[in-house]
Each structure stands twice: as C-alpha cells, then as structure tokens.
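S.K.: attaching a predicted model along with its sequence, questions to come.
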Amino acid sequence: MAKTSELDSKILKILLNDGRTSYDAIAEECGETKNKVWKHCKAMEKRGIINGATIQKHFGYFGYTALATMLISVEAQQMEQFMVVTGKMTEVRACRQYNSVYNVRAVATLMDLNELDHIKQLIKRNLPTLSLKTYIWAGIRNIPENLDLAPTLKDGKKKPKEKSNYTAPKLGNKIKIDEVDKEIVQKLMLNGRTSFTKIAKDLGLSTDTVVKRYHKLKENGAIKVSVQINPNIIGYESMLDINIAFTTSLGLKESVVEALTKIPDVIAITKTSGDYDLHLTAMVRDLPQSFEMQDQITRVCGITKIEASARKIPNKWPTPQQHISTF
C-alpha cells in the first residue's frame with residue numbers, strides 16, 4: 001500500500017473536486033509553492049496513485065429523461081453470458097457484479113421512461129434472469145472528494161478526520177448542447193486535463209472557442225472534471241452499495257442527507273423511487289470499517305431498512321461519465 005502525505009491528501013481532494021485546478025491555484029490553497037505541488041503530483045502519477053482524468057456529466061442536459069438502476073438476480077453459471085450481452089446494450093451505461101441475492105446491478109440511461117420497459121423485456125427475453133427490480137433516480141450527490149485520505153502519523157494514529165466541505169451545486173438554466181459541445185465533452189471524457197489548445201487542434205476549432213464552450217458547460221452544471229486515482233494503491237479494498245428506506249411519516253429530510261454526507265468515504269448518494277429512498281455508495285479499506293460505516297448509517301434518524309452489498313473497486317476511479325451532483 002502506498003502512503004500519502006498530508007500535502008498529497010490535500011492535492012487529491014482538490015483534484016477530485018475539480019480536475020482542471022491549476023498548480024498555481026492548488027499551491028495557493030495548500031500554502032505551498034507551485035514547484036512543490038508539481039513535484040508531489042508527478043510523484044503520485046509515477047506511483048500510479050493518479051492515473052488519469054475524466055468527467056462527470058448531467059445526463060439531463062444531453063437529452064436523457066432519467067437514469068434507472070436495475071437489480072438483477074442471475075444464476076452463477078450464466079453470469080459470463082449475461083455480462084457479455086448487457087455490455088452490448090447501448091442503453092446500459094454500467095453493469096457490476098455483487099455478492100448478494102441480486103448479484104448484478106446495471107444502470108440504464110433513458111431517453112424516455114417507456115424505454116425502461118423495453119430494456120427490461122429485452123433482458124428477460126434474451127437472458128436467464130431469476131428476478132429483476134428497478135429504481136428511478138430522483139437526484140444524486142456525487143462527492144469523490146469525500147474520501148478519507150488523512151495520512152497515518154508516526155505513532156500509528158490517524159490525523160483527525162476532516163469535515164466535509166460539500167456545497168450544493170449551482171446549476172444554471174438548462175442549456176442547449178450541440179454536436180461541437182459533445183465532441184469537446186468526448187475529448188474530456190478520455191482525458192479531463194487535455195489542454196484546450198490540443199482539443200481545439202483536434203476538432204479544427206480556435207482555442208478561444210473551446211475555452212468558452214468548456215466554461216459554459218461547467219458553469220451551468222453540465223459537466224465537471226475529476227482526476228482519476230487507483231484506490232487499491234492507497235489501501236481501499238472494496239466498494240459498498242447500500243440501499244436505505246425511511247419511515248413514511250418522517251420522509252426523506254435534507255438533514256438526513258447532510259448527516260450521511262458527513263460520513264467519510266461516502267462518495268455518492270442517490271435519491272430513488274421504489275422500495276428504498278436512497279442508494280449510498282462508499283469505499284472501504286477493510287471489513288471492520290464496513291461494519292462501522294453501516295452502524296453509523298443505522299444511527300441516522302428514521303431508517304427502517306438497510307441492505308448492503310460489496311463489489312470490487314475499479315483500478316481507475318471515478319469511472320468516466322458518472323452523473324454530476326444535482327442537489
């Protein structure tokens with residue numbers, strides 16, 4: 001496991017929050033010199049901690065009406081076939097295996113809600129599924145910078161956990177996105193830190209045009225750049241996906257979401273319809289932390305049901321085109 005210094009931790013949090021932050025801006029925020037920040041970034045790249053950059057995007061701005069999670073139960077011997085077939089479905093954006101009754105979780109991007117029925121029928125008709133549940137997304141808080149990257153001190157103790165400094169996104173009016181915008185976004189998806197000059201040259205545009213379009217997309221909440229890291233290298237072992245239901249009388253209060261956001265290593269909170277009110281994604285270092293996190297969640301007021309499942313961590317995270325925060 002690679003150890004990160006206090007400065008490394010600060011740099012990673014800044015770049016997970018905004019992957020195009022300049023070395024000058026990072027240095028000013030950290031109270032260090034630009035040269036020192038640059039050296040730390042390059043060292044983390046060499047060690048494989050930082051291994052790319054990509055974007056989050058607001059799918060509603062790109063023509064999609066909704067996103068839906070499908071929980072699917074598949075016989076173990078049919079898993080390989082299932083993953084191959086769903087991997088070819090253009091509507092299925094992500095498909096992951098789990099160690100639970102519903103051993104596959106797939107996320108579908110929908111142009112309209114009728115498309116969900118079509119996808120479900122397609123899966124049932126062509127694949128040997130045992131059961132299938134669906135949940136429509138009603139909003140997401142995507143906070144990769146909430147990872148607990150506090151380094152270990154010489155005496156083996158960890159530094160005090162930092163408080164979450166999350167602020168709600170300032171979403172602008174829904175903007176019209178044309179093919180040129182989409183081409184720029186595609187370039188940033190592959191490498192979120194690609195220079196505007198290179199993007200302009202590749203697309204046959206002026207650098208000024210690319211810069212203006214990027215800032216229009218960013219300032220209106222259509223996209224957000226994040227660096228990518230290899231969580232395995234810095235000690236994370238698995239990802240937890242936790243479904244949470246609340247009492248009908250209390251409903252889902254904003255204070256509940258805020259309480260969950262303050263739990264270190266919680267990296268996404270999705271409001272959903274159906275049997276559960278929230279889907280929470282977290283990253284954990286070991287089994288004791290997994291149990292501790294679930295205990296923290298159950299202490300939040302009004303929770304009536306909780307269901308957790310684990311999966312492997314990708315070696316390049318965040319993965320491309322996760323949904324940007326909407327609340």
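M.R.: Ah, there it is.
S.K.: just the strands in the stretch 1-150 of the chain please.
M.R.: Along the stretch 1-150 of the chain, the segments classed as strands by DSSP state E, counting those that start in this stretch run 50-57, 66-74, 92-97, 104-110, 129-142.
S.K.: weakest of the ones you listed by average pLDDT?
M.R.: Mean pLDDT is lowest for strand 92-97 out of the strands of the stretch 1-150 of the chain, coming in at a mean of 82.
S.K.: contact partners of that strand?
M.R.: Residues outside strand 92-97 that contact it (C-beta atoms under 8 Å, 6 or more residues apart in numbering) are 67, 79, 83, 86-87, 103-109, 119, 311, 319, 321. For every residue, glycine as well, the C-beta is placed using N, CA and C.
S.K.: same question for stretch 295-309.
M.R.: By C-beta under 8 Å, 6+ apart, stretch 295-309 touches 98-100, 102, 105, 240-247, 250, 253, 256, 259-260, 263, 275-276, 280, 290, 294.
S.K.: sorry, back to before: for residue 205, which of the strands of the stretch 1-150 of the chain is the nearest?
M.R.: strand 50-57 (18.2 Å; C-beta to C-beta).
S.K.: what lines up beside that closest one in the sheet?
M.R.: strand 223-229 (antiparallel), strand 322-323 (parallel) (DSSP bridges).
S.K.: surely residue 54 meets residue 192?
M.R.: Yes: in this structure residue 54 lies within contact range of residue 192 using C-beta atoms under 8 Å: 5.1 Å.
S.K.: shared neighbours of those two, anything?
M.R.: With C-beta under 8 Å, 6+ apart, residue 54 and residue 192 have common neighbours 19, 225-226.
S.K.: list the buried residues in stretch 302-312.
M.R.: Across stretch 302-312, burial judged by 16 or more other C-beta atoms under 10 Å covers 302-303, 306-311.
S.K.: of those, which belong to strands?
M.R.: Counting by DSSP state E, the buried residues of stretch 302-312 place 303, 306-311 in strands.
S.K.: go through those and name the one nearest residue 72.
M.R.: Nearest to residue 72 out of these is residue 309 (C-beta to C-beta; 12.3 Å).
S.K.: apart from its neighbours in sequence, what residue is nearest that closest one?
M.R.: residue 100 (3.8 Å; C-beta to C-beta, 6 or more residues apart in numbering).
S.K.: now, of the contacts of stretch 295-309, which are buried?
M.R.: 98, 100, 102, 105, 240-246, 256, 260, 263, 276, 280, 290, 294.
S.K.: which ones among the residues you listed lie within helices?
M.R.: Mapping these onto helices (DSSP state H) picks out 256, 260, 290, 294.
S.K.: turn these into a markdown table, including pLDDT.
M.R.: Converted to a markdown table, those look like this (pLDDT from 0 to 100):
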| residue | pLDDT |
| --- | --- |
| 256 | 85 |
| 260 | 93 |
| 290 | 95 |
| 294 | 93 |
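S.K.: what's the most distant pair in the residues you listed?
M.R.: 256 and 290 (20.8 Å).
S.K.: picking up where we left off before, and which of the buried residues of stretch 302-312 is nearest to residue 50?
M.R.: Nearest to residue 50 among these, with distances taken as C-beta to C-beta, is residue 311, at 22.7 Å.
S.K.: re the thing from before, let's have the strands paired with strand 50-57 in CSV, adding mean pLDDT, distance to residue 267 and mean neighbour count.
M.R.: Formatted as CSV, the strands paired with strand 50-57 follow (pLDDT from 0 to 100; distance: least, C-beta to C-beta, whole Å; neighbours: other C-beta atoms under 10 Å):
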stretch, mean pLDDT, distance to residue 267, mean neighbour count
strand 223-229, 97, 11, 24
strand 322-323, 94, 10, 23
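S.K.: of all these, which lies closest to residue 135?
M.R.: strand 322-323 (13.9 Å).
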